[in-house]
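Participant: Any chance you can model this:
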Amino acid sequence: MSTVYTIAVLVGSLRKESINRKVAKALADLAPANLKLNIVEIGDLPLYNEDIDVTPPAAYSTFRQCVASSDAVLFVTPEYNRSVPAPLKNAIDVGSRPYGKSAWSGKPGAVISVSPGAIGGFGANHHLRQSLVFLNVPCMQQPEAYLGGAGAVFDDAGKLSEATQPFLQGFINAFGAWVEQHKKA
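Facilitator: Coordinates of the predicted model:
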């Protein structure tokens, strides 16, 4: 019997019908049998403030527990101004505190950036990877995943295009192998 790993999926876009959320759901549908993807909501997290973290708000505690109890993390992010959206950066900061008790540490991770633009969120992808190095998240290096022209990868009914499916399938299969490799290390 193989192990099933729980994956915390953080979607950088807060829009309910965002392309990034659709990609996260498509990845969950395509995931290999060893992965169970769960979107962890970040929209209700108050801005990180060490003063209020003395007695953490319930949203902080719930979020930290969701990340801490997962086996790995997957980030699905758009690009805003060549970086990650503010809610995603805030979630990273909330999960990394209190200092010395980061919920992220040692969890295998991966990043896919999704954008209607041609370069597929390249800047956000790499900016996020910089934070993951500090957070001790071993981030999958290959295959890199930048989904450009993402406004056209779902039809009006929300179905993933046949042309995009092999790319996402290859990415999530590689992530399954990455998690397996790093959870057993």
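
Participant: can we go C-alpha only for contacts and neighbour counts from here?
Facilitator: Will do.

Participant: Off-centre distance for the helix or strand containing residue 38?
Facilitator: Assigned by DSSP states H and E, residue 38 belongs to strand 35-39. Distance of strand 35-39 from the chain centroid (CA atoms, centre = their mean, to the nearest Å) equals 10 Å.

Participant: try stretch 61-72
Facilitator: 13 Å.

Participant: tell me which residues of that stretch are tucked away?
Facilitator: Across stretch 61-72, burial judged by 16 or more other CA atoms under 10 Å covers 63, 64, 66, 67, 68, 70, 71, 72.

Participant: Restricted to strands, list these.
Facilitator: Under the assignment DSSP state E, the buried residues of stretch 61-72 contribute residue 72 to strands.

Participant: what residues does the strand holding residue 38 touch?
Facilitator: Strand 35-39 has contacts (CA atoms under 8 Å, 6 or more residues apart in numbering) with 4, 5, 6, 7, 8, 9, 10, 11, 24, 28, 31, 176.

Participant: in a helix, that's where residue 74 is, yeah?
Facilitator: No. Looking at residue 74 with DSSP: H, G, I helix; E, B strand; the rest coil, it is strand, so not inside a helix.

Participant: Test my guess that it contacts residue 10.
Facilitator: Yes. Residue 74 is in contact with residue 10 according to CA atoms under 8 Å; the separation is 6.3 Å.
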